[in-house]
Structures are given as C-alpha cells and as structure tokens.
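Asker: Dropping a prediction and its sequence here:
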Amino acid sequence: VTHPAGGIDDVVHHRHRLGILTIAGEARQVEFGYLREALELTAGNLNRHLAVLEEAGLVQTTKGYVERRPRTWVSITREGRNALAAEISALERLVQRHRGSPASEPGSPASEPGSPAGEPGAAPA
Amino acid sequence: MLLADLDHLRRRTRSTRQAYWFPLLVFGLIEAASALVADPGLTGSPIVTGFRAVENQTGYHTLLLVSIAGTALTLWWYRRHADRTGVETPVRPVRIAAVGASAIVVLGAFLAGLVPLVLLYYVFGVPGNGWLFVVAAVLLALAVVERSALLWAVALLHGVAAVMGVTYDPENLLFRIGFSSEDVPSGIVNVLLPAGVLLTGCAVAVVRTRRATP
C-alpha cells in the first residue's frame, strides 16, 4: 500500500513554490515583481524559492530591460509543468481519499464541528 | 484550502494576462472598413473596387496585407501588455496561424488563376474575401492561447460568418428573413457580419475587463 502523501514532491509542495509554478504555468513568462506582489513575498524570499526551483530544473529565469529598467522574467520548464500537474493530482487524490474516509462522513463523531477532522484546515489541501 | 488558493492565483493571473479586446477591435475595424472596398458605390474608385474580380485583385491583396499588419499590431500589443503587467501571453501559435493561413490563401488565389476548379475559383477568386480566413485563423489561435470562453465563442461565430462571407453570399440569408437584397450590397454584408461579431465581442470584453479591475 502506497503512502497517501507518496506523490507529493517536497521541492514543489512548498506553498510559495507551488504558487510560483501555478502563476508561471499560466503564462509564457512572468515578471519577478508580479510574482512578488501576487504571492506577498519579499524580494529575498522570492529569490530563495526561485533558486530552489531553478536548481531542480523546474523554472528558468532571464534578465532583460524595459525602458532601461532591469527586469527578471521567470518561465516554467516542461519538467516544471509535469511536476505541477503531478503535485495537483496528488493533492486532489489526497482530498478525495480524505473525503471518502469514514471519519469525514456526515454524522460520524470525527466530522462533528469542533472535532479535529471537522476543523477548517484539517484537510491536507 | 491550498487547491482553492492555487485556483484563485491561476484565475487572477489569467485575468491580468488576457488582453484580447484589442485584436477584436483592430480586426473588427479592418473588416468594417473593408466594406468601403467591397462596395463600388461607396468609393467610386475603379482600382479598389475591382478586387472582387479575378482579373483585378488589387483590393484583395491590399486587404490580405492589412490583415497581416493587424496581426503584427496584435503581437506588438501583447508584448506591450506583458511589459506593463508583468505577465506574458504565449503568442507563438498566433504567429504560426497567421503565416500558415496567409500562405494557404495566397496559394489558393494563385491556383484559382491556374486551375479552373469551381471551389478554388469561388472561394479565393470571385468573392475575394479569402483574407477573412487569415483573420479567422489568427482569432482561433488567440482563443487557444488566451483560454477564454468568450473569445472562443467570438472566434467560432466569426469563423462561421467569415466562411459564409467567402463561400456563400449572406445577402441570400437576409433576403430569406425579409430584408431586400437591393438595400444592402452583398459585398458589404459579407464583411459587416463578421465585423459586427468582432466589435460586439470587443465591447463585451471591455466591459468584463473593467468589472474585473479593482
């Protein structure tokens, strides 16, 4: 029996890195400033996450200029798209598994309000 | 919760990235303006009015070039939008569609002059509206990369109107529903129908963009 969280990749699974891949997957490339604002990150934090993703071959960064201002553009690689799709599938499977478990069925003690399983955020995704 | 957040991020990025109201406006205006070429009575010029005949396709080739220029303007617009918003749309399929459709139309027009095939002659020769195929192809490619249900609907409706304008005089359709064909020259109907679809789509897109902007 495989572990329920077996399909989750630690590099991708981090909330902000998943956000970067999701945004980059929606465009040909996104600008550093847009990512920083959308994910509410500091420049240093975003740089660190980008470095992890770039080292794993999931994104590429290129530098350019717009009206003499330096810009950094981030694009997702084919591996990045595959990793993102695999991660989303794993999360959805996990949610399905959680919803199908007896503890999450209506009327069961664990699903009552106030119980750990019934609390918001108890689900893994 | 995380999946919902990701979905929100995806929608927000898509909304920021989408900018298709501009190409709808550009091609809508080009098609509306081409009515001047389509109707001899509106310009009175013997040069531009001859485009519907095989022997003189000046207007036809001009409109083909104008539609390619419209595509170039669209590509410039997306580059500018990316620089302003920080999110770039992948427009390579649009470029490929424009080049491919233009090649087909030019080749078709060339073959129509050589081979007396009824279909080729009719589609690329007599009505001279083959350039509408280029616009239709560009808009369908744009619908693919923009991932917009509205643009898909507009591009498909426009495609139907364009095919009708090229292969079948829509004035027949108007006549059947009660309009006199003498009131509206067929050349104008052929281009105003797809132009109307694009300009209406543009208006809806502008309203939606304004509502989405906080």
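Answerer: Now that the structure is in, tell me what you want to look at.

Asker: tell me the SS of the closest residue to B:Arg12 other than its chain neighbours?
Answerer: Nearest residue to B:Arg12, sequence neighbours excluded (CB to CB, 6 or more residues apart in numbering or on different chains): A:Ala38, at 6.8 Å. All C-beta atoms are positioned from the backbone trio N, CA, C, and that covers glycine. Taken by DSSP: H, G, I helix; E, B strand; the rest coil, the conformation at A:Ala38 corresponds to helix.

Asker: Alongside chain A, which residues does chain B contribute?
Answerer: Proximity of chain B to chain A is confined to B:1-3, B:5-6, B:9-10, B:12-14, B:16-17, B:82-83, B:85-91 under the rule CB under 8 Å from any CB of the partner chain.

Asker: separation between the spatially most central residue of chain A and chain B?
Answerer: For chain A, A:Leu18 is the residue whose C-alpha lies nearest the centre (CA atoms, centre = their mean; 1.8 Å). Going from A:Leu18 to chain B by CB to the nearest CB, to the nearest Å gives 6 Å.

Asker: Now do the contacts for the residue nearest to B:Arg12.
Answerer: Applying CB atoms under 8 Å, 6 or more residues apart in numbering or on different chains to A:Ala38 gives the contacts A:Gly19, A:Ile23, B:Leu9, B:Arg12, B:Thr13.

Asker: what about 7 Å?
Answerer: Residues in contact with A:Ala38 (CB atoms under 7 Å, 6 or more residues apart in numbering or on different chains) are A:Ile23, B:Leu9, B:Arg12.

Asker: mind checking pLDDT for the residue in chain B positioned nearest to chain A?
Answerer: Distance from chain A to each residue of chain B (CB to the nearest CB) is smallest for B:Gly86, at 3.2 Å. As summarised for this prediction, B:Gly86 has a pLDDT of 95.

Asker: Over to B:Leu36?
Answerer: According to the prediction, B:Leu36 has pLDDT 72.

Asker: C-terminal to the helix or strand of chain B with the lowest mean pLDDT, what's the next element?
Answerer: Lowest on mean pLDDT, DSSP states H and E among the helices and strands of chain B sits helix B:40-43, with a mean of 44. Once the chain leaves helix B:40-43, the next helix or strand it forms, by DSSP states H and E, is helix B:58-85.

Asker: elements contacting that following helix?
Answerer: If contacts are counted by 3 or more CB pairs under 7 Å, 6 or more residues apart in numbering or on different chains; DSSP states H and E, helix B:58-85 sits against helix B:21-33, helix B:92-114, helix B:131-146.

Asker: looking only at pLDDT, what's the mean for stretch B:14-29?
Answerer: According to the model, stretch B:14-29 has a mean pLDDT of 95.

Asker: Wondering if the helix or strand of chain A at the bottom of the mean pLDDT ranking reaches chain B at all.
Answerer: Within chain A, no helix or strand scores below helix A:10-13, which has a mean of 82 by mean pLDDT, DSSP H and E. No - Helix A:10-13 does not reach chain B (CB under 7 Å from any CB of the partner chain); its nearest approach is 9.3 Å.
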